[in-house]
Every structure is written in structure tokens, then in C-alpha cells.
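Chemist: got a structure for you, letters missing:
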């Protein structure tokens, strides 16, 4: 599978060692998307690709289009390469490589079309989240679950895998409306496609390890904007039906 890693000004945060550990799983290749970075990200990604010429590729985008567009373009590129499973992982590796391998195990061991990582603090797991972001995230997740009419615990975890399906290709065909709530749009599009996925096609897997990393671009204002976008989506869906997820 080709895994999209969206990168915008990640030169000081992207851990080359973590990329190498990700590629220790022979099932996983890395598609590094440079989303119009203005720092040394392009050089760093080129160095990674040179070290792993058959396992890592770089997709250059310009100008910066936002994380959602980087993910969308990356997964479309992965599908065009012929990858039968695609997905995305945040560049800060808050979700470590071994957890991504667990998600892939879960996908391969089930009939699910989509596997979503879920950050659930529980005994036996190491899930370290900023308290304020955690509680804002729970409000957001409740709103997103209501809009989607789907019992999703964690729409915003940056670790998701998808089988190649007609629904996925349709969902990725056009840019998302929201830069930050694109995960909600993507799930909504999958359930509103011409050949829709149902709740039985989704599987949430609680992560065994996830750590909040400093420098996240999803700060307070962005979270509020994402919440506003979800409310707008909800209003649109309420008046126009599920196909509103595809509306521009």
C-alpha cells in the first residue's frame, strides 16, 4: 500500500527515523506530499526518497492547498500507481509506525473497507493528549457523528486506511470544502456515493499509543473553524440530503 504523508513546513518536525521505521513494514510504502512548503521540507523529502528509492516518492504541490487537498491528491496519486489500499498518516508521527501496521492488520483481517484509528484513553494504552484539545475534540466528534449519522468516536485522528472502492474514487474526485474538517467530508462522501459504504464497512481501532506533538497546526482558531465548517455541513445535509457532502 502507498501511504500519504501530508507535509507543510515540516523540516523541523518530520523525523527521518520514523519514516524508516514505517518502511520496515514491507507492506507499506510512503508517498510524501510537499504542500507548498516554504522551509527546507522539499529538500528533506528528496533526501528521504533518495535513501528509499523503491519505497518512497515525493509529490510536489504548489501553492499550499491545505492538509485536506494534500491528502486527497496523495491518495489519488496512490490509486493511480495501482495501490489497492491507500491511507494517510500525520507527518508528526503522533501515531507511531507500529500502530499504523496494527491498523493494516485490522483491515486485512476483516471485511471492512475503511479502518479509522481512534484515540481512546484506556488502561493498557498510552494516549497523551492536551486536555483542552481533548475536550474540544469530544464536542467536535459529537457534532461530526451527528452530521454523519454514524457512530464515529474519533473522526479527526490522522491515521486512516481505505480499500480501493468506487465510493472512495468518487469521494476523492473533487476538492473538499473544508481545509480542517475534510475527514468528516470524506466519511460523508463515502456514505453518500452512488455505491455508498454503510456502517458495516467502517471499523474503528483504538490506538495502543498516540502522543500529542508540539507544533501542531490544528491550534485553537483552526479547531473553531473546523467546528464551524461541520455545522455548515450539517445544515446543508439537513436541507439537501447526504449528497450535500459533494456540493461545492
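Modeler: Arrived safely. Computed from a predicted model, the values in this text were never measured in an experiment.

Chemist: which regions of this structure sit below the pLDDT cut-off?
Modeler: Scanning the chain for pLDDT under 70 picks out the ranges 215-220.

Chemist: domains of this structure?
Modeler: According to automatic domain parsing, the chain comprises the domains 1-93, 98-248.

Chemist: quick one: the first one to chain centroid distance?
Modeler: So that's domain 1-93. 12 Å (Cα atoms, centre = their mean, to the nearest Å).

Chemist: what's the answer for the longest one, then?
Modeler: On the basis of Cα atoms, centre = their mean, the separation between the geometric centre of domain 98-248 and that of its chain is 8 Å.

Chemist: ok, residues contacting the helix of greatest length in the chain?
Modeler: If you go by DSSP state H, the chain has its longest helix at helix 220-240. Under the contact criterion Cβ atoms under 8 Å, 6 or more residues apart in numbering, helix 220-240 has outside partners 132-133, 136-137, 139-140, 143-144, 146-147, 156, 177-181, 184-185, 188, 218, 244-245, 247. Yep, even glycine has a C-beta here, placed from its N, CA and C like the rest.

Chemist: What subset of these is buried?
Modeler: Buried members of the contacts of helix 220-240, scored by 16 or more other Cβ atoms under 10 Å, are 133, 136-137, 140, 143-144, 147, 156, 177-181, 184-185, 188, 218, 244-245.

Chemist: Can you tell me which of the residues you listed end up in helices?
Modeler: Of the buried ones among the contacts of helix 220-240, the ones assigned to helices by DSSP H are 133, 136-137, 140, 143-144, 147, 184-185, 188.

Chemist: In these, find the pair that's most separated.
Modeler: Farthest apart among those by Cβ to Cβ are 133 and 188. That separation is 23.0 Å.

Chemist: follow-up on the earlier one: out of the domains of the chain, indicate the one that is most buried.
Modeler: domain 1-93 (a mean of 19; mean count of other Cβ atoms under 10 Å).

Chemist: measure it end to end?
Modeler: The straight-line separation of the ends of domain 1-93 (Cα to Cα, to the nearest Å) is 18 Å.

Chemist: quick one: residue 47 from residue 53, how far?
Modeler: Distance, residue 47 to residue 53, by Cβ to Cβ, to the nearest Å: 12 Å.

Chemist: for residue 95, same thing?
Modeler: Distance from residue 95 to residue 53, by Cβ to Cβ: 25 Å.

Chemist: Tell me where the protein has helices.
Modeler: Using DSSP H, helices in the chain cover 16-22, 41-51, 67-81, 97-108, 131-148, 166-171, 182-192, 220-240.

Chemist: which residues are in contact with the first one?
Modeler: When contacts are taken as Cβ under 8 Å, 6+ apart, the neighbours of helix 16-22 outside the stretch itself are 3, 5, 28, 30, 32, 44, 47-48, 51-52, 56, 89, 93, 96-98, 100.
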